[in-house]
Structure formats: structure tokens, C-alpha cells
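*Asks:* Coordinates only, no sequence provided:
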């Protein structure tokens, strides 16, 4: 999988925001699959959720939100 510089920066930005660098490869795959607008919408939702309502981790919540209703795009 080859990402553009923009896609790589986006994957890194998301991983940093979620404090989820261990899942960077997963974030790269999502960036390659889903539109940036869609990912940013789900990131905003995951970051706005109170910590007390998150069962596993913010990164797991984000992944669940993205994969639950994903609008796939092919770049």
C-alpha cells in the first residue's frame, strides 16, 4: 500500500490525536480506504466523547465509528 504524503500526514495526525501510535498501520489503511472528510467527522466525534463513556479506548471507539457506517472511496 502506497500513500501520498498528504495521506501519510493524515494517518499520523489521527494517530497522534487519539494517542494511538501503536495502531498507525490501521490508520494508514483507513486513510487509504475512506474519504478524509468522513474520517475527520468520526475523529471529531471520538474526541468529543467523554472518557467515562468509552469502554476500551478512544482509538477503538474511532475504529468502530469508521468501520460501522463507512463510505468507502477508492483513491
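*Replies:* On my side now, so go ahead. Predicted model only: the values in this text are computed from it and were never measured.
*Asks:* Could you use CA atoms for every contact and neighbour count after this?
*Replies:* OK.
*Asks:* On the three-state scheme, the most far-flung residue of the chain relative to its centre is what?
*Replies:* Taking CA atoms, centre = their mean, the residue of the chain most remote from its mean C-alpha position is residue 52, at 20.3 Å. For residue 52, the assignment made with DSSP: H, G, I helix; E, B strand; the rest coil gives helix.
*Asks:* Next, work out how far apart it and residue 32 are.
*Replies:* According to CA to CA, to the nearest Å, residue 52 stands 31 Å off from residue 32.
*Asks:* Okay, residue 58 and residue 42: tell me how far apart.
*Replies:* For residue 58 relative to residue 42 (CA to CA), the value is 11 Å.
*Asks:* Same question for residue 67.
*Replies:* Applying CA to CA to residue 67 and residue 42 gives a distance of 10 Å.
*Asks:* The two: which has the busier surroundings?
*Replies:* Neighbours were tallied for residue 67 and for residue 42 using other CA atoms under 10 Å; the higher tally belongs to residue 42 (20 against 13).
*Asks:* what's the following helix or strand after the strand or helix carrying that one?
*Replies:* Here residue 42 sits within helix 36-48, counting by DSSP states H and E. Once the chain leaves helix 36-48, the next helix or strand it forms, by DSSP H and E, is helix 58-68.
*Asks:* What are the buried residues along that next one?
*Replies:* 58-63, 65-66 (16 or more other CA atoms under 10 Å).
*Asks:* Excluding chain neighbours, what is closest to residue 51?
*Replies:* Leaving aside its sequence neighbours, residue 51 sits nearest to residue 58 (CA to CA, 6 or more residues apart in numbering; 7.9 Å).
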